[in-house]
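1. How does the following fold in three dimensions:
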Amino acid sequence: MAPIINKLKSSASQFEPLVCVTAQHREMLDQVLQHFHIIPDYDFDIMTKGQDIFDLTSKILRRLKPVMEKEMPAIVLVQGDTTTAFVGGLAAFYLHIPIGHVEAGLRTYKKESPFPEEINRHLIGVLADYHFAPTEKAKMNLLSENINRDQVWVTGNPVIDSLLWESDQEREWGPYFRENWNLSISSQGKRNILVTGHRRESFGRGFENICIALKNIAERNPDVNIIYPVHLNPNVKTTVHDILGGDKVDNKNVFLLDPLEYSQFVWLMKKSYLILTDSGGIQEEAPSLGKPVLVMRDTTERPEGIEAGTCKLVGTNTGCIVMETEKLLLDTTIYTQMAGTTNPYGDGKTSDKILSILSQVLK
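-> Residues are numbered from 1 along each chain as shown. I've put the predicted structure just below:
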């Protein structure tokens, strides 16, 4: 959302944005706000240890009511599939405030995958008045759900605006990784496999399978580095360190990092040979950087990357993850085909398009 917020704040805009954050992920949020020079007008700071979706949903709804009643904005913009986005839309609906959904129309049509994000997206889609779809396929999903065609626009995803801007900054983070994790990253060194994993539906056996696969890849391929910035969720962190931490990997080529700042992570993506992830956003970002992606999920709400050939679903099966990773390590033809795909998720001008649409519909 950062590029949209900053476009709305620009002198050429007729809008006055008010930024409200729930701090659903406090540590991750703060570094992004700082990076993009965004100061929230309202910060709920709702996170408490061990809270579940029931707590989260009720807290956000109660906190939003007085804010929206006070401000009564011309529109409430929400992005994506989080509980924050769904409840933000619900609160706006209760107060008869128009809702704009950025990154609208993504679907797996499997209620529990991803959980609860798939249903969050459906519910926001029912509530929203304006739908900013990243792709033509996302638009067709919305139209098939009887959303008015005049309320849907294909804009791309603003995550690509942010990515391309950051990629052009040419920052150097090599010394940071050497000093903090004794990790040397260079084009002449080992090939780097970047990993992210945090999806709730994989917790338990699925997540253990992913970690075992990473261990096998590291031990069978001493010429690679497995680089894994580990999510702070205890369900993720505990499993990852139990299987991959300390001296548990023979070749000592697995690096478990703390969560990274946005700039650091983009730099690391650029330096990676390939990416293993269950993240939706990375499925969109990696094609712009020419990086093949293996998606460690059974379904994805972003089939455009699969169809284009830049992403491949490998699920949480240990053998499949190892096999498909080694194919890309060994077969340059397959690698080149995936790396050379055009990004279907945007051209870096999404925020301009959304601002133009808002100028028309909110006259």
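2. any idea how far Met140 is from Ile119?
-> Separation of Met140 from Ile119 (Cβ to Cβ, to the nearest Å): 20 Å. No exception for glycine: its C-beta is placed from N, CA and C like everyone else's.
3. Ok, Gly189 next?
-> Gly189 is 44 Å from Ile119, where distance means Cβ to Cβ.
4. and if you look at Asn209?
-> Noted for Asn209: a distance of 25 Å to Ile119, by Cβ to Cβ.
5. May I see the buried residues of the helix or strand hosting Trp153?
-> Per DSSP states H and E: Trp153 is located in strand 152-154. By neighbour count with 16 or more other Cβ atoms under 10 Å, strand 152-154 contains the buried residues 152-154.
6. Show which residues not belonging to that strand make contact with it.
-> With contacts defined as Cβ atoms under 8 Å, 6 or more residues apart in numbering, strand 152-154 is touched by 104-105, 130-136, 138-139, 142-143, 353-354, 357.
7. Would you tell me which one of these comes nearest to Tyr345?
-> Within these, the smallest distance to Tyr345 is 5.4 Å, found for Pro134 (Cβ to Cβ).
8. tally of neighbours for the closest one?
-> By other Cβ atoms under 10 Å, 26 other residues sit near Pro134.
9. ditto for the one 4 residues further on
-> Applying other Cβ under 10 Å, we find 26 other residues in the vicinity of Ala138.
10. pLDDT at Ser11, what is it?
-> Note on Ser11: pLDDT of 69.
11. So which residue is smack in the middle of this structure?
-> Closest to where the C-alpha atoms of the chain average out (Cα atoms, centre = their mean) is Gly281, at 2.9 Å.
12. Pull the contacting residues for Asp250.
-> 218-219.
13. and it, that one's in a helix?
-> No: read with DSSP: H, G, I helix; E, B strand; the rest coil, Asp250 is coil and lies in no helix.
14. So what does it look like in phi/psi?
-> Dihedral pair for Asp250: phi -60, psi -40, per degrees, to the nearest 10.
15. Compare Asn209 and Ile119 and say which is more crowded by neighbours.
-> A count of neighbours by other Cβ under 10 Å puts Asn209 above the other of Asn209 and Ile119, at 20 against 14.
16. The more buried one sits in which helix or strand?
-> Secondary structure (DSSP H and E) places Asn209 in helix 205-220.
17. Now do that helix: which elements does it pack against?
-> Applying 3 or more Cβ pairs under 8 Å, 6 or more residues apart in numbering; DSSP states H and E, we find helix 205-220 packed against strand 224-229, helix 234-244, strand 254-257, helix 318-330.
18. Return the distance of Gly315 relative to Trp173.
-> For Gly315, the distance to Trp173 equals 32 Å [Cβ to Cβ].
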